[in-house]
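**Student:** coordinates for the following, if possible.
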Amino acid sequence: MSNGARHAFGVVAGLLLPPLALAGLLYGIGEISFQTRSAFQFPWYAVGVLAVAAVVLAFLAGSRLSPVASLLGGLAYTALGLLPLLEFTGGPRLVLEGLVPARVNEGYLALGHSGALLVVGVMLLTVSLFPSRWRATVPEPLSVSPAYGQGTSPYLPEDATRPMFRE
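**Tutor:** Here you go, the predicted model:
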C-alpha cells in the first residue's frame with residue numbers, strides 16, 4: 001500500500017472510528033451508572049460495549065494504518081475532555097445538556113469530570129507523534145549501479161555472507 005493511500009485510509013478511519021468509540025464509552029459508562037443506581041443490577045451488555053470501544057481505541061493507537069487516525073481522534077477527545085474541566089475554573093457553562101440521551105449525557109459527565117476523556121485524548125495524540133508511524137511500511141528500493149558485481153564500491157558494503165574467494 002502506498003504512503004498516500006495509507007494516510008487516506010487513516011483520515012477515513014480517524015473520522016469514523018473515534019466517534020463510534022466515544023459513543024460506546026459514553027453509553028457503556030452511563031448505562032452501568034444508571035442500572036447499578038436505579039435497579040441494583042450490573043448490566044453485562046454495557047461491559048461488552050465498553051470492551052468493543054476499548055478495542056477500537058487500541059486499533060487507533062496501535063495500528064500501522066496511519067497516525068492521522070489517532071491524531072484526529074486525539075484532538076476530538078482532548079477537546080471534549082477539556083470542556084468539563086474548564087468549567088471548574090469559573091468560566092462560562094461549556095457543557096451543553098439535553099443534546100444527547102440522558103444515559104449518554106450521564107456517561108459524558110462521568111468521563112469528562114473525572115478527566116478520563118482528557119487522558120484518552122492525550123494518549124491518542126502522543127501515539128501520533130512517533131516518527132516511525134509516519135514512515136511508509138515498505139522502504140524505498142536502493143538504486144544499484146549496473147557495475148555492482150564488478151569490483152568493490154566505496155558506497156556499498158561488502159557482503160559478509162558470501163563465501164571467500166579462493167584460488
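**Student:** which other helices and strands does the strand or helix carrying residue 106 contact?
**Tutor:** For residue 106, the host element (DSSP states H and E) is helix 102-114. Contacts defined by 3 or more CB pairs under 8 Å, 6 or more residues apart in numbering; DSSP states H and E place helix 102-114 against helix 3-38, helix 67-87. Placement of C-beta: from N, CA and C, glycine included.
**Student:** out of the ones you listed, which gets nearest to residue 100?
**Tutor:** Closest of the helices and strands packed on helix 102-114 to residue 100 is helix 3-38, at 7.7 Å (criterion: CB to CB).
**Student:** any idea which helix or strand comes after the helix holding residue 106?
**Tutor:** Following helix 102-114 in sequence, per DSSP H and E, is helix 116-127.
**Student:** follow-up on the earlier one: may I see the buried residues of the helix holding residue 106?
**Tutor:** 103-112 (16 or more other CB atoms under 10 Å).
**Student:** now that helix: mean pLDDT?
**Tutor:** For helix 102-114, mean pLDDT is 88.
**Student:** and the helices and strands packed on helix 102-114, which is most packed in?
**Tutor:** Comparing the helices and strands packed on helix 102-114 by mean neighbour count (mean count of other CB atoms under 10 Å), helix 67-87 ranks first with a mean of 20.
**Student:** for that one, C-alpha coordinates in CSV please.
**Tutor:** Listed next in CSV are the C-alpha coordinates belonging to helix 67-87 (Å, rounded to 0.1, in the frame of the first residue of the first chain):
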residue,chain,number,x,y,z
PRO,A,67,-1.2,8.3,12.6
VAL,A,68,-3.7,10.7,11.2
ALA,A,69,-6.5,8.4,12.6
SER,A,70,-5.2,8.7,16.1
LEU,A,71,-4.4,12.4,15.6
LEU,A,72,-7.9,13.3,14.6
GLY,A,73,-9.4,11.2,17.4
GLY,A,74,-6.9,12.6,19.9
LEU,A,75,-7.8,16.2,19.1
ALA,A,76,-11.6,15.5,19.5
TYR,A,77,-11.2,13.6,22.8
THR,A,78,-8.9,16.2,24.2
ALA,A,79,-11.3,19.0,23.3
LEU,A,80,-14.2,17.1,24.8
GLY,A,81,-12.2,16.2,27.9
LEU,A,82,-11.2,19.9,28.5
LEU,A,83,-14.7,21.3,28.4
PRO,A,84,-15.9,20.0,31.8
LEU,A,85,-12.6,20.8,33.4
LEU,A,86,-12.6,24.4,32.1
GLU,A,87,-16.0,24.9,33.9
